[in-house]
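Undergrad: sequence plus predicted model, see below.
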Amino acid sequence: MERPSEKLLLNCSATDPNKILPMKYNWARKHYKDGVANNWTPEEVNMQKDVEMWKSPDALTSHERRLVLWNMGFFSTAESLTANNIVLTVYRHVTNPECRQYLLRQAFEEAIHTDTFIYCCDTLGLDPDDVYSMYMSIPSIKAKDDFVIDITKSILDPNFSTEGRENIQKFVHDLVGFYVIMEGIFFYAGFVMMLSFLRQNKMVGVGEQFQFILRDESVHLAFGCDLINNIVIENPEIWTEDFKATLVANIKRAVDLEHAYACDCLPKGILGLNADAIHQYVKYVADRRLERINLPKQYNVANPFPWMSEVIDLKKEKNFFETRVTEYKTGGVLSWEE
């Protein structure tokens, strides 16, 4: 039931979307400020070494090239899918102004990410028809995209409303699909693959682009989880055992799909990576995501790539900042999701 005198995230006539002050959800403001501190553009990254390596017939193996191309193929379309979800659905239903301010920031960052893959394709001379059709031509990529589309289809209905318990459940269900599964699980196998290249001093420009994207996505994930958790706090009646079981099942299905993608990307181990290690890492990440939205862990496995924590912890990445054209102003004090 609506509480008209109280500022709420959903179904609140007391919320004026044009009046951001006074703020209630200070976590949304913090995520906005973190995003601003993280500002970057792809052209700031020097790609000359990447071009030389990509054009050299002996610098990369066929399996390494496959891994680069497949991650380009997945991310290039996944970023557009994410941007559309934000602009067409989430923004429409979350009318709280401080949350909308962050959503506008996130939409801008998704545009930067899309531009990054345009920049990489143009710089490396990749065939855009090959890269941008992988979401249809590669079964394991298509399966991931189809799954996200399926579990987020409710709020794409132009007649969808968040009125009532069932509809609020649908909205939260789809937010978990957008933020926890797409950005919080499906992206992370790609991150560990591409950042392994960076650690090996291969395709360093592309690797730095992915590191920038990882930092953005960490804030996206934190905002999404805070949004989900606060909607549940304001609407506790939706948090039934059946609903929680559905969310857990979706996340476990996402882990299986990401494992299949890793097997396709890594038919043979390279750069200290193999599909089994990626599978373990995705399980580890999934447990972190489950805990973040107050659901029980399912896998209880160790992190096989502890160096990823150092990549995400900006305070340990001094050399990375030195490569920037414009240094972050406050990035070193941010807290990141792994």
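TA: Now that the structure is in, tell me what you want to look at. Numbering: from 1, shown residues only.
Undergrad: for the top helix by length along the chain, list every residue counted as buried.
TA: For the chain, the helix with the greatest residue count under DSSP state H is helix 204-234. By neighbour count with 16 or more other CB atoms under 10 Å, helix 204-234 contains the buried residues 204-228, 230-232, 234. (C-beta placed from N, C-alpha, C; glycine too.)
Undergrad: other SSEs contacting the very next helix or strand once past that helix?
TA: Later in the chain than helix 204-234, the nearest helix or strand by DSSP states H and E is helix 241-265. Applying 3 or more CB pairs under 8 Å, 6 or more residues apart in numbering; DSSP states H and E, we find helix 241-265 packed against helix 62-85, helix 139-151, helix 165-175, helix 187-199, helix 275-292.
Undergrad: tell me the most buried of those?
TA: The highest mean neighbour count among the helices and strands packed on helix 241-265, using mean count of other CB atoms under 10 Å, belongs to helix 187-199: a mean of 22.
Undergrad: quick check: angle from that one to helix 241-265?
TA: 40 degrees (axes from the mean of the first three to the mean of the last three CA atoms, to 10 degrees).
Undergrad: and the spatially closest residue to residue 270 that is not a sequence neighbour, what's its pLDDT?
TA: Distances taken as CB to CB, 6 or more residues apart in numbering put residue 63 closest to residue 270, at 5.2 Å, once the chain neighbours are dropped. As predicted, residue 63 sits at a pLDDT of 93.
Undergrad: now do the same contact list for residue 63.
TA: Counting by CB atoms under 8 Å, 6 or more residues apart in numbering, residue 63 touches 266-268, 270.
Undergrad: ok, and what's touching stretch 124-142?
TA: Contact partners of stretch 124-142, identified using CB under 8 Å, 6+ apart, comprise 47, 50-51, 54-55, 69-70, 72-74, 76-78, 117, 120-121, 145, 257, 260-261, 263-265.
Undergrad: and stretch 245-252, what's buried?
TA: Across stretch 245-252, burial judged by 16+ other CB under 10 Å covers 247-248, 250-251.
Undergrad: do the same with stretch 267-277
TA: Those would be 270-271, 273-275, 277, for stretch 267-277 by 16+ other CB under 10 Å.
Undergrad: with stretch 89-99 instead?
TA: 89-91, 93-99.
Undergrad: coming back round to it: can I get the helices and strands packed on helix 241-265 in CSV with distance to residue 240?
TA: CSV is the format used below for the helices and strands packed on helix 241-265 (distance: least, CB to CB, whole Å):
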stretch, distance to residue 240
helix 62-85, 25
helix 139-151, 18
helix 165-175, 8
helix 187-199, 29
helix 275-292, 17
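Undergrad: in the stretch 1-150 of the chain, which spans are helices?
TA: Applying DSSP state H, counting those that start in this stretch to the stretch 1-150 of the chain gives helices spanning 26-37, 48-55, 62-85, 91-93, 97-124, 128-131, 134-137, 139-151.
Undergrad: these: which one's closest to residue 167?
TA: helix 91-93 (9.6 Å; CB to CB).
Undergrad: starting at the chain centroid, how far to that closest one?
TA: Helix 91-93 sits 19 Å away from the centroid of its parent chain (CA atoms, centre = their mean, to the nearest Å).
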